[in-house]
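Chemist: Take this sequence and fold it.
(one chain, ligands or ions: 2)
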Amino acid sequence: MLRLTFLGTSAAQPTIGRNLSGLAVRRDRELFLVDCGEGTQRQMIRYGTGFDVDAIFFTHFHADHYLGAIGFLRTLSMLGRAPPLDVYGPKPARRLLDVMLFTGTERLDFEVRIHEVAPGEAIRRDGCAMVAFETDHRTPSLGWALVEDERPGRFHPERAEALGVPKGPLYGALQHGRDVTLPDGRAVRSDEVVEPHRRGRRVVVSGDTRPCRGTVEAARGADLLVHDSTFSDAEQERAEETMHSTAREAGRVAREAGAGRLVLTHLSTRYDREFGILVEEARKEFAGPLDVAADGMTIEVPLP
Ligand SMILES: [Zn+2]
Ligand SMILES: [Zn+2]
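Modeler: Residues are numbered from 1 along each chain as shown. Ligands and ions are numbered 1, 2, ... in the order given. Presented below is the predicted three-dimensional model:
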């Protein structure tokens, strides 16, 4: 399973319909948050993501992207969480998150491990990596690419049998990509009985950013790109000043990357309900499946 649940899709300030930034990513047994704006924990309850978060990945430390972690960690502590929680983010993650851990007078009852991450670093998780890539915002910032491991190719026991491979350890070796020698001296190559590796899924979250190379590279061939789309063409200048993207620019990044699907998020309050223009403008650049995120929207990313 690989499921995204949008917990907050508004830029800078919440509205009645949209919370501040937060995205839950459930992949098999693990649950990640990408950003955790104020109010995120209530959105998690509302949309039933569960609280069993394994790691939080911050894109940057503008307040609307991380203040929610303060309250959320307190709740986890009250609920008796025991496993350590890993949190990752660009500079100054250590300074800001350390302060957050000691906010209030109660100590947290579980360990929080803070990791300051530089672009290019890959965080190993169960069956996938979270790869940090360089983005272009007013403060140190990262995008995150969830990159699944390759899946082994399909094994064909009937082919092995036809080649006279005796059942047992040689089957296992072939399945794991090793060529083998049969008892009678004949060689059998793994690729005679196993199909090529199948690629895993790739989901990319830009965080707040101008359109940039880093995102295009990270989203190359991605199944899904979630991109900053704070403004429309009418506010191109403002997008440049504040170092965000317009919907059209997000569409261009998706097209250049050859992404399979684009979801626009982090909407300025003026597009809260009138987001049709964003779709229209992104559409001029990107022909694939295209949506504006809404709080509570879930996306299942199918296996390729
Ligand atoms: Zn933001
Ligand atoms: Zn920001």
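Chemist: Show me what from the stretch 151-300 of the chain comes close to ligand 2.
Modeler: Contact residues, the stretch 151-300 of the chain versus ligand 2 (C-beta under 5 Å from the ion): residue 208. Heads up, the C-betas are built off the backbone N, CA and C, glycines and all.
Chemist: ok, whichever residue of the stretch 151-300 of the chain sits closest to ligand 2 to residue 27 distance?
Modeler: Of the residues in the stretch 151-300 of the chain, the one nearest ligand 2 is residue 208, at a distance of 3.5 Å by C-beta to the ion. Shown here: residue 208 relative to residue 27, a distance of 23 Å by C-beta to C-beta, to the nearest Å.
Chemist: separation between the residue of the stretch 151-300 of the chain closest to ligand 2 and residue 59?
Modeler: With distances taken as C-beta to C-beta, residue 208 is found 7 Å from residue 59.
Chemist: Next, show the common contact partners of those two.
Modeler: 65, 135, 141 (C-beta atoms under 8 Å, 6 or more residues apart in numbering).
Chemist: Just the ones in helices from these, please.
Modeler: The helices in this structure, assigned by DSSP state H, contain residue 65 from the shared contacts of residue 208 and residue 59.
Chemist: between the shared contacts of residue 208 and residue 59, which is nearest residue 191?
Modeler: Within those, distances to residue 191 taken as C-beta to C-beta reach their minimum at residue 135, with 39.3 Å.
Chemist: ok, now which ones touch the closest one?
Modeler: 59, 141, 142, 143, 206, 207, 208, 209, 210, 212, 214, 215.
Chemist: What score does it have for pLDDT?
Modeler: At residue 135 the predicted local confidence, pLDDT, stands at 98.
Chemist: Give the closest residue to it in space, chain neighbours not counted.
Modeler: Across the structure, with C-beta to C-beta, 6 or more residues apart in numbering as the measure, the residue nearest residue 135 apart from its sequence neighbours is residue 209 (3.7 Å).
Chemist: What's the separation between that neighbour and residue 3?
Modeler: The span separating residue 209 from residue 3 equals 24 Å under the rule C-beta to C-beta.
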